[in-house]
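Colleague: pasting the sequence and the predicted coordinates here, then a few questions.
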Amino acid sequence: MPNNPRTSEDPAMNMPAPEPPGTTAPAAPRPRHLAHVLWFPLFFVAAFATMALTSFTHPSPHHVSLGVAGTARQVAAVERTLDQADPGGFDVRQVADAGAGRAEVARGDLAAVYVPDGGADGSELLVSSASGSTRATYLTHAVAPRLDAATVHDVRHTASGDVSGTGLFFAGMPLALVGMITSIVLLQSGPASPRRRLGVIAATGAFGSLFVHFLATGLDVLPGGHPLLLLYGFLFTQAIGWLTTAAALVARKHLLPIAMTFVLILGVPTSGGTVSGDMLPGFARALHTVLPFARFLDLTRAEAYFGGHGALAPLLALLGWAAAGAGALLGAELWTRRSARPKPDKALPPAKTPDSLPA
């Protein structure tokens, strides 16, 4: 007997075909989850753009030290002229003569010296691009015309390979990042002993400081003959590496926001590598006197260009950051060990025996 063909009234014909496995549409992300994922990218672009654009694009003087090799009347005239254009922008003081002023600029004690009676060429302004190329450019193009300086002399210029004057910043940038990157790699690689963590941080820091130093001096971006720069670079990498690794042990999934805020968002615009500290806006200028990247660049500049003159304060600050990093890493290790210990089970109530059961 032939089989009857199925019609559209047959329930089996109207049942939906089963979907193959794995084709179920994923659930739409909840707004709370989306906010949890996106908050840092949005914060990073807003914060970094604000810090960078306000710091780099509008440099203005704030208590820039300027000497005048002239009489008290000439000093007062210079002070009035500069205060009219930049109130509070310059700290003007008298120097004994042009030779003494030149020596102070060459040592980094003064940003510039104005010599009203500069000789046959007339008045002159003495600046130092090694102290800060942005500041020297501002002094040359904004201050010299106000003072009617006939000539501008750069008494301490940057190394011949650093034409832009930003070589110090770009030599320090990899050293600022290598410690942070090392802490991220250590976090992703899983549990590690304290000795292994310290060894990895030391190895990456040693390689980074050696490679950057010999590359920068080989290209004449930094002047050679300063072996202390190697030690300062290594110390800087360890300070950043210890601090960010301690943050990784405690914060874990929040390491990236913490480290990038500390190293990039706050550290880069306030470093003074592209815009001198006394040319930064107030908030950035205050951070410049504290944060490790800025202190490292000040220390490197003092050693490379001024024979170590003025190196004590940034060296002490960098040592302080290294001590803070070591203390934070030790505390984080102790906290991690304590958290990893198994918690003792609570005592269970004694089981009832047949004699204790009610009759």
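Modeller: Ah, there it is.
Colleague: could you use CA atoms for every contact and neighbour count after this?
Modeller: Noted.
Colleague: next SSE after the lowest-mean-pLDDT helix or strand in the chain?
Modeller: Ranking every helix and strand in the chain by mean pLDDT, DSSP states H and E puts helix 11-14 at the bottom, with a mean of 52. Downstream of helix 11-14, the next assigned helix or strand under DSSP states H and E is helix 31-56.
Colleague: now L126: which helix or strand?
Modeller: Using DSSP H and E, L126 falls in strand 124-127.
Colleague: next one: L256
Modeller: helix 255-260.
Colleague: quick one: list the elements packing against that helix.
Modeller: helix 167-188, helix 228-251 (3 or more Cα pairs under 8 Å, 6 or more residues apart in numbering; DSSP states H and E).
Colleague: so which of the ones you listed is the most surrounded?
Modeller: helix 228-251 (a mean of 23; mean count of other Cα atoms under 10 Å).
Colleague: tell me the contacts of T151?
Modeller: Taking Cα atoms under 8 Å, 6 or more residues apart in numbering, we find T151 in contact with D121, G122, S123, E124, L125.
Colleague: ok, now with 6 Å
Modeller: Contacts here follow Cα atoms under 6 Å, 6 or more residues apart in numbering; on that basis T151 touches E124.
Colleague: from S183, how far off is it?
Modeller: Distance, T151 to S183, by Cα to Cα, to the nearest Å: 51 Å.
Colleague: same check, this time on F262
Modeller: Relative to S183, and taking Cα to Cα, F262 is found at 14 Å.
Colleague: swap in H58?
Modeller: 34 Å.
Colleague: same check on F40?
Modeller: From F40 over to S183 (counting by Cα to Cα), the distance is 19 Å.
Colleague: and for T134?
Modeller: T134 is 33 Å from S183, by Cα to Cα.
Colleague: equivalent analysis for L291, please.
Modeller: 19 Å.
Colleague: count the neighbours of V143 for me.
Modeller: 19 (other Cα atoms under 10 Å).
Colleague: picking up where we left off before, roughly how far out does the strand holding L126 sit from the chain middle?
Modeller: 32 Å (Cα atoms, centre = their mean, to the nearest Å).
Colleague: ditto for stretch 181-193
Modeller: So, by Cα atoms, centre = their mean, the centroid of stretch 181-193 is 21 Å from its chain's centroid.
Colleague: that one - what's its average pLDDT?
Modeller: Stretch 181-193 carries an average pLDDT of 88.
Colleague: which outside residues touch it?
Modeller: T244, T245.
Colleague: mind saving the C-alpha coords of that stretch as PDB?
Modeller: What follows is stretch 181-193, C-alpha atoms only, in PDB (Å, rounded to 0.1, in the frame of the first residue of the first chain):
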ATOM      1  CA  ILE A 181      55.800  46.200  30.000                       C
ATOM      2  CA  THR A 182      57.800  43.700  32.000                       C
ATOM      3  CA  SER A 183      55.200  43.800  34.800                       C
ATOM      4  CA  ILE A 184      52.500  43.200  32.300                       C
ATOM      5  CA  VAL A 185      54.400  40.200  30.900                       C
ATOM      6  CA  LEU A 186      55.000  38.800  34.300                       C
ATOM      7  CA  LEU A 187      51.300  39.100  35.200                       C
ATOM      8  CA  GLN A 188      50.300  37.200  32.000                       C
ATOM      9  CA  SER A 189      52.900  34.500  32.500                       C
ATOM     10  CA  GLY A 190      51.300  33.200  35.700                       C
ATOM     11  CA  PRO A 191      52.600  32.700  39.200                       C
ATOM     12  CA  ALA A 192      56.400  33.300  39.700                       C
ATOM     13  CA  SER A 193      58.700  33.400  42.700                       C
END
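Colleague: helix or strand: which one has G67?
Modeller: Taking DSSP H and E as the definition, G67 sits inside strand 64-68.
Colleague: got the buried residues for that strand?
Modeller: V64, S65, L66, G67, V68 (16 or more other Cα atoms under 10 Å).
Colleague: show me the strands paired with that strand, marking each as parallel or antiparallel.
Modeller: strand 90-94 (parallel), strand 112-115 (parallel) (DSSP bridges).
Colleague: and after it, which helix or strand comes next?
Modeller: Next element after strand 64-68 (DSSP H and E): helix 72-85.
Colleague: distance check, H36 against F43.
Modeller: 12 Å.
Colleague: now do G199
Modeller: Distance from G199 to F43, by Cα to Cα: 33 Å.
Colleague: give the contact list for S65.
Modeller: S65 makes contact with F90, D91, L110, A111, according to Cα under 6 Å, 6+ apart.
Colleague: how about those residues in TSV, adding neighbour count and distance to G101?
Modeller: Output for these, formatted as TSV (neighbours: other Cα atoms under 10 Å; distance: Cα to Cα, whole Å):
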residue	neighbour count	distance to G101
F90	19	16
D91	15	15
L110	23	8
A111	24	10
